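**Student:** Next input, structure requested:
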Amino acid sequence: MKKYNFNAGPSKLPSDVMKAVSAACIDFENSGLSLMEMSHRAKNFQPVVDEAVSLFRELLSIPDGYSVLFLGGGASLEFCMVPYNFLERKAAYLNTGVWAKKAMAEAKLFGETVEVASSADTTYNYIPRGYTIPTDADYFHVTTNNTIYGTELHRDLDSPVPMVADMSSDIFSRPIDVSKYICIYGGAQKNLAMAGVTFVIVKNDALGRVTRPIPTMLDYRTHVKGGSMFNTPPTVPIYCALQTLRWLKREGGVMEMQRRAEEKAKLLYGEIERNKLFRPTVTNPDDRSYMNICFVMNDEYKELEADFLSFATERGMVGVKGHRSVGGFRASCYNAVTIDDVKALVACMQEYERQH
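**Tutor:** Predicted coordinates:
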């Protein structure tokens, strides 16, 4: 049976990427060695990192003065690395979900942290507006896409202070004005690569301004100077990221990914609103995520939730169960998910409706 992968992360990868990574894990560039057993100092691995950095810069139009890093630890480690490196007086955070809240909790260990707004009052089902960002903050932190609750910032905000963004799940899905940020970071396992590598885009002249001592491995300057090679990096995930970046360029770059994301979201949200059995969890269309489309059964059909999940699973739908903290359903439609995948899910929903 054909499987349709809507997992929230680790998530679907393009087939071309999986084939290339699989081949490299057997024999990397006819070296007679697997990529998994090669030294990261090998002369034929450095070009992997160099090309990946170059494609990051090209695809996102990253200005001069920024470094692209490949690190370990996931976005969760960045929650503390960001304030370690940037918080001197005060930091401002927009609380739009679990991951934003966790990032803010880490910042509180390093100094004054202001929650400028929160959507926790209605289980994070909207993006706050009309808040004031303190002009004396060292940075303003946002989580651009909220995987659990299905909300997303579809454009770069205007801020009186430099911004920091967790873009784990929507990186490369739209153009970004990188110049508005001093740091953009994310786990790669949603829209870029297999699990195991974290990307960081950091503004070089924003570093070294805090007075606190920073442990060597948590200091961005260590990794800028070392070119992501201060210690052994996650070589296979970096190679996977490279292959995805090549695929992105072949497919038309971030503008094409944005077009596809909007097309997939329009189709699936349209069915959710049309189908008598379901309703979206995010009511304002402007706030709805294109990456993580969340929905639930309408109240009068609530008892069918487990049955629909079983029905969908039997028809090859993978990963459509909502996060354990909110329930319902979630279809993660990252770049590698095709319009045909979404059409298959829509057909499944329509078939279930006909039976009920």
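**Student:** where along the stretch 151-300 of the chain do the strands fall?
**Tutor:** Here the stretch 151-300 of the chain has its strands, by DSSP state E, counting those that start in this stretch, at 151-152, 163-166, 181-187, 198-203, 278-280, 292-297.
**Student:** helices or strands up against the second one?
**Tutor:** When contacts are defined as 3 or more C-beta pairs under 8 Å, 6 or more residues apart in numbering; DSSP states H and E, strand 163-166 packs onto helix 74-86, helix 98-107, strand 139-143, strand 181-187. For every residue, glycine as well, the C-beta is placed using N, CA and C.
**Student:** Can you lay out those as a markdown table showing mean neighbour count, mean pLDDT and distance to S54?
**Tutor:** Formatted as a markdown table, the helices and strands packed on strand 163-166 follow (neighbours: other C-beta atoms under 10 Å; pLDDT from 0 to 100; distance: least, C-beta to C-beta, whole Å):
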| stretch | mean neighbour count | mean pLDDT | distance to S54 |
| --- | --- | --- | --- |
| helix 74-86 | 23 | 98 | 23 |
| helix 98-107 | 20 | 98 | 29 |
| strand 139-143 | 26 | 98 | 27 |
| strand 181-187 | 25 | 98 | 17 |
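**Student:** re the thing from before, okay, the strands of the stretch 151-300 of the chain in a markdown table with distance to E263 next?
**Tutor:** Below are the strands of the stretch 151-300 of the chain laid out as a markdown table (distance: least, C-beta to C-beta, whole Å):
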| stretch | distance to E263 |
| --- | --- |
| strand 151-152 | 16 |
| strand 163-166 | 25 |
| strand 181-187 | 23 |
| strand 198-203 | 26 |
| strand 278-280 | 17 |
| strand 292-297 | 13 |
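**Student:** related to what we said a few turns ago, of the helices and strands packed on strand 163-166, which is nearest P233?
**Tutor:** Across the helices and strands packed on strand 163-166, P233 has its closest neighbour in helix 74-86 (13.9 Å, C-beta to C-beta).
**Student:** what sits up against stretch 159-167?
**Tutor:** Here stretch 159-167 makes contact (C-beta atoms under 8 Å, 6 or more residues apart in numbering) with 75, 78, 82, 86, 92, 99-100, 103, 133-135, 137-145, 156-157, 176, 180-186, 203, 206.
**Student:** Repeat the analysis, applying 7 Å as the threshold.
**Tutor:** Stretch 159-167 is contacted from outside by 75, 82, 86, 99, 103, 133, 135, 137, 139-144, 157, 180-186, 206, using C-beta atoms under 7 Å, 6 or more residues apart in numbering.
**Student:** any idea how far L277 lies from G328?
**Tutor:** Noted for L277: a distance of 12 Å to G328, by C-beta to C-beta, to the nearest Å.
**Student:** rewinding a little: same list as before, the helices and strands packed on strand 163-166 that is, but in CSV and with distance to G270 included.
**Tutor:** As requested, those are exported to CSV (distance: least, C-beta to C-beta, whole Å):
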stretch, distance to G270
helix 74-86, 31
helix 98-107, 28
strand 139-143, 26
strand 181-187, 29
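**Student:** Mind checking those for the one nearest to I26?
**Tutor:** Closest approach to I26 among those (C-beta to C-beta): strand 181-187, 26.4 Å.
**Student:** Name every strand pairing with that closest one and say which way it goes.
**Tutor:** As defined by DSSP bridges, the strand partners of strand 181-187 come to strand 163-166 (parallel), strand 198-203 (antiparallel).
**Student:** what pLDDT, on average, does the first one get?
**Tutor:** Which is strand 163-166. Confidence over strand 163-166 (mean pLDDT, whole number) is 98.
**Student:** can you check stretch 287-299 too?
**Tutor:** Mean predicted lDDT for stretch 287-299 stands at 97.
**Student:** buried stuff in that stretch?
**Tutor:** For stretch 287-299, a neighbour-count test (16 or more other C-beta atoms under 10 Å) marks 287-297 as buried.
**Student:** In this structure, which residue is most central in space?
**Tutor:** Taking C-alpha atoms, centre = their mean, the centroid of the chain lies closest to S169, which sits 1.6 Å from it.
**Student:** ok, now which ones touch the closest residue to A188 other than its chain neighbours?
**Tutor:** Distances taken as C-beta to C-beta, 6 or more residues apart in numbering place V197 nearest to A188, at 4.9 Å, with adjacent residues excluded. Neighbour list for V197: 70, 188, 234, 237-238, 241 [criterion: C-beta under 7 Å, 6+ apart].
**Student:** just Y4 next, same as before
**Tutor:** By C-beta under 7 Å, 6+ apart, Y4 lies in contact with 316-318, 341, 344-345.
**Student:** Filter these down to the buried ones.
**Tutor:** 317, 341, 344-345.
**Student:** Mark which of the residues you listed are part of strands, please.
**Tutor:** Within these, residues falling in strands by DSSP state E are M317.
**Student:** Format the buried ones among the contacts of Y4 as a markdown table; extra columns: pLDDT and distance to S15.
**Tutor:** Formatted as a markdown table, those follow (pLDDT from 0 to 100; distance: C-beta to C-beta, whole Å):
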| residue | pLDDT | distance to S15 |
| --- | --- | --- |
| M317 | 98 | 18 |
| D341 | 98 | 12 |
| A344 | 98 | 16 |
| L345 | 98 | 19 |
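**Student:** Which of the buried ones among the contacts of Y4 sits closest to I272?
**Tutor:** For the buried ones among the contacts of Y4, the nearest to I272 is L345 (10.2 Å; C-beta to C-beta).
**Student:** I'd say the closest one and F329 touch.
**Tutor:** No: applying C-beta atoms under 7 Å as the test, L345 and F329 come out as separate, 9.6 Å apart.
**Student:** wait, V98 sits on I148?
**Tutor:** Yes: between V98 and I148 there is a contact under C-beta under 7 Å: 5.6 Å.
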